[in-house]
Each structure stands twice: as C-alpha cells, then as structure tokens.
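Peer 1: Here is my input, please return the structure:
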Amino acid sequence: MDNDDKKEYLKSYGRIKKEIESIEASIQELRASKMAPGLILDDMPHSHNPSDLSDYAASLDELERELIDKKWEALSLHAEIEGNIIEVPDELERSLLRYRYIAGMKWEEICVKMGYSWKQVHRIHSSAL
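Peer 2: Numbering: from 1, shown residues only. Below you'll find the predicted structure:
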C-alpha cells in the first residue's frame, strides 16, 4: 500500500463522521418541520394534512436506522485505525496521526499544537506513513 492509499484509508474515518453529521442535521430538520410546518421555507411541496404522521414516522425511523448504522461503522473504523496507529513506534508520529485523522485537525492547528513548523509537521507525517 503506497502513501496515497494509506492517506485515503485514514481519511475514511473523517468522511464517515461528516456523513453522521449530515444525517443528524436531516433528523433535526425533519423534526423541526413537523413541529412547525408553517416555517418551512424551502419552496418544496409539503403535505397539507398535518395530522398524518405516518410519512413523518417512517422517514424519521429510516434516518435513525441509517444514523445507527453509520455510528457503528465509524466506531469500528475508529478502532481499526487506532489499532494501526498504535503500531507506529514513534510517539510523536502517533500523536500527529491522531490529530490529523482521528481528531480531524487542520495542518495549521497541528503545527500550533505540536509546536513545529509546517515543513517539520509534514516531514513527521511522511515518516509516520
């Protein structure tokens, strides 16, 4: 596996976390639309029968199941990635990998947190991969 493949693998955890956030936002939007149906300003057609909860309940159930599945997937991937990071012998490199791929920090934040220059952080990253 080359470094690009390793980075893609490590980035997959962040992508799942973003999917989870998106599903959570959809659930909140769906709940808000049911609580205050007159406040929906999205130019989309909506049901005129506010007492009909079956579509709402089915949509909410589907989103909640999808959320649970994604959270399990994220948990499993987190454990797998953490297991691989633990195998890196250097503590500094392990910390950098956790900051970048588990915590989702930006390079600038990592530089500040670790107290190293941009160039040095990238050297450590290359060595860690």
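
Peer 1: right, and residue 14 touches residue 106 too?
Peer 2: No. Here residue 14 does not reach residue 106: they are 11.4 Å apart, not a contact under Cβ atoms under 8 Å. C-beta coordinates here come from the backbone N, C-alpha and C atoms, glycine included.

Peer 1: Quick one: low-confidence residue ranges for this protein.
Peer 2: 36-52 (pLDDT under 70).

Peer 1: Please enumerate the helices of this structure.
Peer 2: Using DSSP state H, the helices found in the chain span residues 3-35, 54-86, 91-97, 107-114, 118-128.

Peer 1: Just give the nearest non-adjacent residue to the residue most central in space within the chain, would you?
Peer 2: Taking Cα atoms, centre = their mean, the centroid of the chain lies closest to residue 17, which sits 1.2 Å from it. The shortest distance from residue 17 to any non-neighbouring residue, by Cβ to Cβ, 6 or more residues apart in numbering, is to residue 74 (6.2 Å).

Peer 1: Also residue 20?
Peer 2: residue 70 (5.0 Å).

Peer 1: So residue 14 and residue 106 - more neighbours on which side?
Peer 2: residue 14 (15 against 10; other Cβ atoms under 10 Å).

Peer 1: What distance do you get for that one to residue 112?
Peer 2: 20 Å (Cβ to Cβ, to the nearest Å).

Peer 1: do the same with residue 73
Peer 2: In terms of Cβ to Cβ, residue 73 sits 31 Å off from residue 112.

Peer 1: tell me the contacts of the residue nearest to residue 20?
Peer 2: The contact partners of residue 70, by Cβ atoms under 8 Å, 6 or more residues apart in numbering, come to 16, 19, 20, 23.

Peer 1: Please list only the buried members of the residues you listed.
Peer 2: Burial by neighbour count, 16 or more other Cβ atoms under 10 Å: within the contacts of residue 70 this picks out 16, 20, 23.

Peer 1: Nearest spatial neighbour of the first one, chain-adjacent residues omitted?
Peer 2: When you say that, I think you mean residue 16. Closest to residue 16 by Cβ to Cβ, 6+ apart is residue 74, at 4.5 Å.
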